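Undergrad: After the sequence you'll find the predicted model.
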Amino acid sequence: MSFVLTEDQESIRRSAKKLVEERAPIAQLRALRDTNDPLGYSRDLWKQMAELGFAGMTLPETYGGAGLGLTELGLVLEECGRRLVAGPLFASLLLGGGAIDLAGSESQKEHWLPRIARGEAIVALAHEEGRRHSLYEVAAHAAPVGDGWAISGEKTMVVDGHVADAIVVVARTSSGGRDGLTLFLVPRDAHGLDVQRRATIDSRNIAFVRLGGVHAASDSVVGIVGRGADVLDRVLDRATIGLSAEMLGGMQEAFEQTIAYLKVRNQFGVPIGSFQALKHRAAQLFCEIELVRSLVAAALRAADAGSDDVALLASAAKARASDVFVHVANEAVQMHGGIGVTDELDIGLFLKRARVTEMMLGAAAHHRDRFARLSGY
Amino acid sequence: MSFVLTEDQESIRRSAKKLVEERAPIAQLRALRDTNDPLGYSRDLWKQMAELGFAGMTLPETYGGAGLGLTELGLVLEECGRRLVAGPLFASLLLGGGAIDLAGSESQKEHWLPRIARGEAIVALAHEEGRRHSLYEVAAHAAPVGDGWAISGEKTMVVDGHVADAIVVVARTSSGGRDGLTLFLVPRDAHGLDVQRRATIDSRNIAFVRLGGVHAASDSVVGIVGRGADVLDRVLDRATIGLSAEMLGGMQEAFEQTIAYLKVRNQFGVPIGSFQALKHRAAQLFCEIELVRSLVAAALRAADAGSDDVALLASAAKARASDVFVHVANEAVQMHGGIGVTDELDIGLFLKRARVTEMMLGAAAHHRDRFARLSGY
Amino acid sequence: MTEIMRFREEVREWLQAACPVSMRAPMVDERDDVWGGRRGAFASPDQRVWLERMAERGWTAPTWPTQYGGGGLDAARAAVLEEELKRLGCRPALKSLGVWMLGPALLAFGSEEQKREHLPKMARGEIRWCQGYSEPGAGSDLANVQTRAVLDGDEYVVDGQKVWTSHAHVADWIFCLVRTDPSAKKHEGISFLLIDMTSSGVRVKPIKLISGASPFCETFFEGVRVPAKNLVGRPNGGWTVAKAVLEHERALISRMRDARASEDEPLGSMAARYVGREGSGIADPVLRDRIAQADIDALALKLTLRRSAESVEAGRGPGPETSTFKLCATELSKRRLEIAVAIKGFQALGWSGDGYAADEIATTRAWLRSRASSIEGGSSEIQLNIIAKRVLGLPD
Amino acid sequence: MTEIMRFREEVREWLQAACPVSMRAPMVDERDDVWGGRRGAFASPDQRVWLERMAERGWTAPTWPTQYGGGGLDAARAAVLEEELKRLGCRPALKSLGVWMLGPALLAFGSEEQKREHLPKMARGEIRWCQGYSEPGAGSDLANVQTRAVLDGDEYVVDGQKVWTSHAHVADWIFCLVRTDPSAKKHEGISFLLIDMTSSGVRVKPIKLISGASPFCETFFEGVRVPAKNLVGRPNGGWTVAKAVLEHERALISRMRDARASEDEPLGSMAARYVGREGSGIADPVLRDRIAQADIDALALKLTLRRSAESVEAGRGPGPETSTFKLCATELSKRRLEIAVAIKGFQALGWSGDGYAADEIATTRAWLRSRASSIEGGSSEIQLNIIAKRVLGLPD
């Protein structure tokens, strides 16, 4: 494992950067927000991402994917993070698609993965229920009915849920904490499935899902009945790492915009970047971001290498990325002064995105707790 | 209750300040330390404090005390804190003497309080056992024997224990947590009582006490058998507030010395106090100290008024004083640069005292926990 | 019975009779605020009655001289009035930037004509004022005023732009800093000018914040003609007036913030509601520790404000400075709202619409809004500069 | 088989034969360090043998030219040697400020005579060097050198004082910054001078720190006569030489700190030992959260050092800068030791004597010692200045 990018990786980064810079200005997110766009993402951009092979980047080549690693996908997500792109890439490839790729049956894979890879289908994952991330506290339950299951319950924070063609739903098939969870692949048009979009501060696509006795055939189970947690753990570790890469891009961009502003904004006849108190704070942010960068890079590579410490590194990366993104965004707003708190400037959008991503898949304290547990203390 | 000092209080502060400035330079502490003085405090200074009425300040006039409030004593302790004076005032008046004053029998009071007030006797309190403050976790036990008790166990962090004429020992007389504790007044020369002085970083007088079946007569019980915790709570609330006042003096002095240094130390051709990064940090310390000052003042006054919120304010004051004293001392050393880490300069002594007082009677996290509990969450 | 005690009885009796019962109920939302002004409407007849009665006695501006519409009370009597208003739970009859900020400056620096013209209308709530200090290039560097005022006969012609003019879209008049001598040193070419918002060439555009709609506006001046008699103090002497007004603003912000925070649900019970309890405490001990820290700091700040007030009252000097309060109050408020967001978790991520309770949206908006508190009215950085210089005496 | 692979085999065989078995055991304490010098004693005969054998091949300074006592290895071969030494667990044959800091500067700036005179003795560990940069008035402002050197014939006469000269009391020579032109600008009147510590007029006084005895000294010069040929680089051109040395020092400090920290007991198990466990975790959840944060930061720093090294190796530029490492490493080390003190509680308050275990006293002393780490070798404030200027390009 090396931190230095290969030629191929550099090339992926370049093409992601180019695409995002040319086709996904932050104005796009604003337009989607201000027009109350029903999709909430740019179908045009999504098509182009799929054409570049991003949509199926980490899926096996046999199912139409590019067969690349999480390291490569991380580069793309980082660039997306810089422009606050919140298309279906993360949710479809790492959450819903990730579960099918990891534990799906042959026919599930054959049906869904090629379509995900082509950007034609979006598969979400519905796992959250409470007010904060808590993976094994699942109240939604699936009762055996005839040759299938009847699923009832409520799910929140379902990323891209309202534009998904199918949703992988986590439900309890027997009592217990971590045990007794099962994953079901539920098509969007299933009877009794109600998906409501939520208007969040950062305009990311988040949905609330209600299952009122949704019928799921026995072949809709993803993986093994009652063993869903094993799949979830691995899927969410990868997704957590990918999300951290996206957050890294966001904090880097907010930081760079702030440094640029410090150089041009004059007060008292000099650039405010010449004030030592601001300089020291900026230098501290730089250090913090560099530390996050190392954790994210190591976590991406550990996932690709299948190392034992994937979970540990995923939690380390997300814990730091959560705190540092929020800290950087807070400082960015403060250093921009008055203009920083207006909706007109983009910097406030980073503040909002920082908060949403901070909480998604577990906030910093959650991951420190997990890190400690995995470290044996 | 008013924060504004009365004329009498101003006069007490002035005479304490004068005494400490004239008779207790920090060099005195150094001399005691470097000569390995067996007493560990200046008997001469202590005599003068007693003559000024400080030694019995809060004791009733009927027992030779001055009958003043904790507010008045706080002024004296604050001045002591500025010069790192660690004479027997705190331990004898607020800990051992405090317990006797609050719960002692008439004959205990008659015997000890006048002597404490005259500075002729020192009474310590032995309540700590573990590695951190934990009031009700007491393993030392007292078994009934004939007409008295046999006490066995070990105590640590006994302030001024090795110069005490008697020690109030907390021992368990029945099982349970908070319940079943009893206070015993044990004379220093009791058979089976072993007191060892400890060499701490701040040269404060701290002793370790071992009780090997020490016999205590039935009239040596302070208060009621099994109800010691009620006494302890009140004694330690007052002591915690007094200690916080001492800490306030310490942080104020370390801060003022640092501000003075920032004005005279030149680097790059200008006083280092003109560097904005240092200015902002200094201004932040100022605010923090002012907040501590308000908590300490309110806690002292609440104790005198017998308000319901004495415990809450005691914990609030100690929690903030602990964190802020350590923070101020750390910053003071850093801002002094190289000279700040030499033993030659006094500022390092404040760093050490900050750590010791931070842990005495419970560190910040302990008191935040208590504050939360008292606040019902 | 002392005179003061007699005064207290009088006040109490009058208030009992004069203050409508509905004006003694706790305030619920901003419709309960009465700001006055030509465009200001009363949400209820009682609001009008209460304002008129108070204004009649001059008690909307208790310490101002009676000839300017004030109550003519000394400090002791004004304190009694405040206490009795509080005791009865009376709502403020009038909220007014004019009374709070401009009025004291006019009393100190205004001409006799200006006082007679403007003060009574402020006190009666007839004219609503807004403040025109900040400009796009003048944030922390407030004296960097670029809005020009050129004397032409007996009128100034004003061109330029102000930002952060709160409530400019509903105000009748604005008090402004304008540059009258571009060749002078920065602080010495500024004048303090009163401008009628209905003058031709004044344009107002509301500002949207990260927290949504806001009372802030941009205010543009294009060839606006202002009578020269509307200049307060001497020409090019506006900075002195401005500073006097600023002192009042800073004290105001920390006071208002304190009042608002006290209405909030305590973080402890909010956490118990959202995160649950385990044993006797909040189920998440790390969060609980953060809350306790923030609560202790809030208590310390409250006590510090009281300590300072008592110290001033007793004539023992000012105690810790206004800058300290503004800094601590805004930084603490930001921190507490960040904790509130952490407590409400996913439910604090909503912008609007279904799925989020009103108090959840309110928390989220308040958190976003709070990010501006350490910028407006003198940023935290400026407060730290002031403390370092004026309180600690550190060199430039 | 490539040449490099052949070289690796040669090295491995030679090390197997040449390195005494006792020199492959893990190091226990500072007696296992070999610093050389006229006054340096060997703690065991094997130490001497190992140093002599390594010095004979020039491998105590592997990349230096052979004519100066070095090994003449290119970067690739030097890396192989380092890997093989590590693989076999060989202790360093010689620790040397001369080899690490002065040597590279002499190679770049020294005269041929100076190289021949000094480098071989460094490499063989015959002469121990110390560094004379800081002065009482020159802390962060390192160029504010007041120690004077006045040319008198073919000798400089040196008067002044240095502080923080580590190990000056056991060193044979010192490399110094001296002021040779008091009228020039601050950075332009400084020369870099080598001084024999046995010269008449040199006096050394050890410094006691808040953590106790220390290797630091004050070094006084009174009329010390130094041959002019001992000046490195051109007269008044010493600042250039000094900066080259400083770069090496900064890298060194963060590396040494890393090595030391890795020997410590993990905070997690320390806490389990002192505070106990509850369920599967440390009984104090707030403390546990702090430990996890510090452990994550330590992991992040370790990974960052590796990332930077790989980036340099691959010729992809330096990645994050040395200043970043020094800053993060020392600040983190301070924070971790504060946590260690919090964990050990009352047992971390001991200075000496009964009642405290050796590791408890060690923690306490290390914590106190750590407060100097963010001051020495360029304070944290200086590192932040450097990052702001050189990395972020913020204006002066």
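TA: Everything's here; your move.
Undergrad: is the longest helix seen in chain C anywhere near chain D?
TA: Counting by DSSP state H, the longest helix found in chain C is helix C:285-313. Yes. Helix C:285-313 is in contact with chain D by CB under 8 Å from any CB of the partner chain, via C:285-286, C:289. Where C-beta positions appear, they are placed from N, C-alpha and C, glycine not excepted.
Undergrad: so where is the stretch 151-300 of chain C shaky, pLDDT-wise?
TA: C:250-263 (pLDDT under 70).
Undergrad: Check the offset of the longest helix of chain C from the chain's centre.
TA: 22 Å (CA atoms, centre = their mean, to the nearest Å).
Undergrad: Run through the residues that contact residue 295.
TA: All of this refers to chain A. Going by CB atoms under 8 Å, 6 or more residues apart in numbering or on different chains, residue A:295 touches A:244, A:313, A:316-317, A:320-321, D:296, D:299-300, D:303.
Undergrad: that's the other chain; I wanted chain C
TA: B:371-372, B:375, C:266-268.
Undergrad: Identify, from those residues, the entry nearest to chain D.
TA: Nearest to chain D among those: residue B:372, at 11.0 Å, using CB to the nearest CB.
Undergrad: domains for chain A, by residue range?
TA: Following automatic domain parsing, one gets these domains for chain A: A:7-121, A:124-226, A:230-374.
Undergrad: how far does the shortest one stretch from start to finish?
TA: In domain A:124-226, first residue to last residue: 20 Å (CA to CA, to the nearest Å).
Undergrad: now swap in the last one and tell me
TA: Counting by CA to CA, the length from the leading to the trailing residue of domain A:230-374 is 16 Å.
Undergrad: Which strand or helix spans the residue of the stretch 1-150 of chain A found nearest chain B?
TA: Chain B sits closest to residue A:131 of the stretch 1-150 of chain A, with a gap of 17.0 Å, by CB to the nearest CB. Per DSSP states H and E, residue A:131 falls between elements, in no helix or strand.
Undergrad: burial measure for it, as a count.
TA: Neighbourhood size, residue A:131 [other CB atoms under 10 Å in any protein chain shown]: 20.
Undergrad: contacting residues around the residue of the stretch 1-150 of chain C found nearest chain A?
TA: In the stretch 1-150 of chain C, no residue comes nearer to chain A than residue C:141, which is 3.9 Å away by CB to the nearest CB. Applying CB under 8 Å, 6+ apart to residue C:141 gives the contacts A:267-269.
Undergrad: Scan the residues you listed and report the most crowded one.
TA: residue A:267 (19 neighbours).
Undergrad: for chain A, what spans make up the helices?
TA: Using DSSP H, helices in chain A cover A:7-23, A:26-34, A:43-51, A:70-82, A:97-103, A:106-117, A:228-264, A:276-305, A:310-336, A:347-359, A:364-374.
Undergrad: could those helices go into CSV alongside mean pLDDT?
TA: Shown next, in CSV, are the helices of chain A (pLDDT from 0 to 100):
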stretch, mean pLDDT
helix A:7-23, 95
helix A:26-34, 92
helix A:43-51, 94
helix A:70-82, 98
helix A:97-103, 97
helix A:106-117, 97
helix A:228-264, 98
helix A:276-305, 97
helix A:310-336, 98
helix A:347-359, 98
helix A:364-374, 97
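Undergrad: To residue D:39, which of these lies closest?
TA: Between residue D:39 and these, the tightest spacing by CB to CB is seen for helix A:276-305, at 40.7 Å.
Undergrad: Could you check that closest one and say which residues are buried?
TA: A:276-304 (16 or more other CB atoms under 10 Å in any protein chain shown).
Undergrad: Could you tell me which residues of the stretch 151-300 of chain C lie near chain B?
TA: C:266, C:268-269, C:271-272, C:280-282, C:288-289, C:291-293, C:295-297, C:299-300.
Undergrad: List buried members of the residues you listed by neighbour count.
TA: C:268, C:271-272, C:281-282, C:288-289, C:291-293, C:295-297, C:299-300.
Undergrad: Quick one: mean pLDDT for stretch A:153-160?
TA: Averaging pLDDT along stretch A:153-160 gives 97.
Undergrad: Where does the record place the domain boundaries for chain C?
TA: According to automatic domain parsing, the ranges for chain C are C:3-123, C:129-236, C:240-391.
Undergrad: Quick one: closest of those to residue A:182.
TA: Of all the domains of chain C, domain C:240-391 comes closest under CB to CB, at 23.3 Å.
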